[in-house]
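Trainee: next input, structure requested:
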Amino acid sequence: MYKIPQLLKYKYLFHVFSDKSDGNMANSINGVVNDFEKVSENRAHFLNNIDVDIKSTVCMWVTHGDEIIDADPKLAGVSILDYHKAVKVDGLITDKKEIYLFLLIADCLPIIIYDPVNNVVALVHAGWKGVDKNIAGKVVEKFKSKYNSKIGDLVVGIGPSVHQDSFIKVNPSQKDDPRWKDFMHKIAGDQFKVDLQGFVKKQLIDSGVSKNNFFESGIDTAKDERFFSHVREHNLPISQQGRFACIVGLR
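Mentor: Alright, predicted model coming up:
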């Protein structure tokens, strides 16, 4: 398991990432449903090890969109024990203690945004499409409009995810989009290295988040074999692929 060291000083914020040693946490990979009984065992065992009640956990089913909603306590447990009832959304936010947000990752950015003054936390999935839609900036607006957060108070943690040197897109549709200019670097032919972390940080800073309040894991999932990675493992049989989890909550 892994934790972002700088976030540990916030005593009411709980977060942790699973790794390969904890097993695959995803019921479906590339549209292929796995042995959900085994996945459920992996989830239950990991949550037990980190002292989180599985029945207090709200599980996301990412859609690569930009919707952020409040975590519904009524879906705690139900959404993680029955994958058909996972919440189809790319961002959850809560101010409720002992409600844990559960996200599956295999290269996209798991972003934790925390308001230590009002004790509100959000967990966001930001992949290629989500970053293009500025999902991170929209979460900041949610903090401001719903929870009256002061943007300067917000703290951001970016977990293990694919880094620029490893994330290569072929002829990306955004290559001529001026918003992406500083975060897309041509390397050969129609291939571009894409800096998702850099673009997300710019979006959040443009939204008013302080540069001093960013904490990054520094882990490139495409290179660090402790973590599942779609970039590194997509050609393997589905049985050898997987997703790791990020769990966030308030205590």
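Trainee: all helices of the stretch 151-251 of the chain, in order?
Mentor: Per DSSP state H, counting those that start in this stretch, the stretch 151-251 of the chain has helices spanning 196-206, 230-233. These are given in chain order.
Trainee: just the C-alphas of the last one, formatted as CSV.
Mentor: Output of helix 230-233 as CSV, limited to C-alpha atoms (Å, rounded to 0.1, in the frame of the first residue of the first chain):
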residue,chain,number,x,y,z
HIS,A,230,-2.7,0.0,-18.7
VAL,A,231,0.1,1.6,-20.7
ARG,A,232,2.6,-1.1,-19.6
GLU,A,233,0.3,-4.1,-19.5
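Trainee: got the buried residues for that helix?
Mentor: His230, Arg232, Glu233 (16 or more other C-beta atoms under 10 Å). C-beta here means a position set from N, CA and C on the backbone, and glycine is covered the same way.
Trainee: what about the nearest residue to Phe36 once chain neighbours are set aside, neighbour count?
Mentor: With C-beta to C-beta, 6 or more residues apart in numbering as the criterion, Phe36 has its nearest non-adjacent residue at 4.8 Å, and that residue is Asn27. Here the number of neighbours of Asn27 (other C-beta atoms under 10 Å) works out to 23.
Trainee: so for Asn27, what's the pLDDT?
Mentor: Asn27 carries a pLDDT score of 82 in this model.
Trainee: OK, contacts around it?
Mentor: With contact set as C-beta atoms under 8 Å, 6 or more residues apart in numbering, Asn27 has these partners: Val33, Asn34, Phe36, Val39, Tyr83.
Trainee: next one: Gly159
Mentor: Counted by C-beta under 8 Å, 6+ apart, Gly159 has contacts Tyr2, Ile4, Phe17, Ile105, Leu109, Pro110, Ile111, Ile112, Ser217, Ile219, Cys246.
Trainee: how many neighbours does the first one have?
Mentor: With neighbours defined by other C-beta under 10 Å, the count for Tyr2 comes to 18.
Trainee: for the closest residue to it other than its chain neighbours, give its distance to Phe214.
Mentor: For Tyr2, ignoring the flanking residues on the chain, the nearest one in space by C-beta to C-beta, 6+ apart is Phe17 at 4.4 Å. The gap separating Phe17 from Phe214 is 17 Å, by C-beta to C-beta, to the nearest Å.
Trainee: which residue of the two possesses the greater neighbour count?
Mentor: Looking at Phe17 and Phe214 with other C-beta under 10 Å, you find the greater number of neighbours at Phe17, namely 23 against 17.
Trainee: please tell me how far Glu141 sits from Asp70.
Mentor: Counting by C-beta to C-beta, the separation of Glu141 from Asp70 is 14 Å.
Trainee: kindly apply the preceding question to Leu123 instead.
Mentor: Leu123 sits 12 Å away from Asp70, taking C-beta to C-beta as the criterion.
Trainee: what sits in contact with each of the two?
Mentor: Residues touching both Leu123 and Asp70 comprise Leu92, Ile93, with contact defined as C-beta under 8 Å, 6+ apart.
Trainee: so these two - more neighbours on which side?
Mentor: In terms of neighbours (other C-beta under 10 Å), Leu123 is the more surrounded of Leu123 and Asp70; the figures are 30 against 16.
Trainee: so the more buried one: helix, strand or coil?
Mentor: strand (DSSP: H, G, I helix; E, B strand; the rest coil).
Trainee: show me the beta-bridge partners of it.
Mentor: Leu92, Ile112 (DSSP bridges).
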